[in-house]
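J.: Show me the folded form of this:
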Amino acid sequence: MKVVAFHGSPRAEGNSHLLLKNALKGIEEAGGETLTFRLPSMQISPCLNCGGCDETGLCVLDDEMTAIYSAIREADRIVLASPIFFFALSAQTKIMIDRCQAFWCEKYLLKKPLPEGQYGRKGLLMLVGGMKKEEGIKCAEASARAFFRTVSIPEHKTLSYLGIDAFGQILNHPTALNDAYEAGKNLVAV
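T.: Presented below is the predicted three-dimensional model:
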């Protein structure tokens, strides 16, 4: 089973990444094959809203998003890990999602959704934020849900942790790392 993971935090080895690493460990131990993209280290231009993908479902921009398009097409599962900044996904995560407009055009304008594949398609969303109010989770999840729906992921699980801001603070959470590990294992269970 092919699993594509997106690490959307500009902070390497930070809270989002620690959660992601534990989820990937669970996935791999359960037999999943993983491919991870660290979005902040990639050269991905923002969507131009130029309409170039309207009739083809293909983006006119040529950058590192090309590898992501291929990986999403081949994925059975997608994992998205992001911190919450100002009640939203990180800018790096959002740029990748916005560039999935090409998939939106392919699915809704051209009526060619991504096939569900042998195992069906599922997702896992992991969010970490320093605030203590649920609005950040709700707003970030709404954007992620639109992404998942666009790339034909009909269902996803969300793990969210509030009040986690300092570097590595997720390590002090009583269940977060194990939650991520178990969610990873469950994601690839058939």
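J.: okay, now Lys157: neighbour count?
T.: 14 (other CB atoms under 10 Å). Where C-beta positions appear, they are placed from N, C-alpha and C, glycine not excepted.
J.: Kindly state the pLDDT recorded for it?
T.: Note on Lys157: pLDDT of 95.
J.: Kindly report the same for Glu55.
T.: Glu55 is assigned a pLDDT of 88 by the prediction.
J.: quick one: it and Ala102, what's the gap?
T.: Look at Glu55 and Ala102: by CB to CB, to the nearest Å, they are 11 Å apart.
J.: So for those two, which sits in the more crowded spot?
T.: Taking other CB under 10 Å, Glu55 and Ala102 do not tie; Ala102 has more neighbours (21 against 10).
J.: The more buried one touches Cys53, doesn't it?
T.: Yes. At 4.0 Å, Ala102 and Cys53 qualify as touching, with contact defined as CB atoms under 8 Å.
J.: Which neighbours do these two have in common?
T.: Residues touching both Ala102 and Cys53 (CB atoms under 8 Å, 6 or more residues apart in numbering) are Cys59.
J.: what residue is smack in the middle of this protein?
T.: By CA atoms, centre = their mean, the mean C-alpha position of the chain lies nearest to Leu80, the distance being 2.2 Å.
J.: out of everything not next to it in sequence, what's closest to Val60?
T.: In this structure, Val60 finds its nearest non-sequential neighbour in Gly52, 3.6 Å apart by CB to CB, 6 or more residues apart in numbering.
J.: Distance check, that neighbour against Arg99.
T.: 12 Å.
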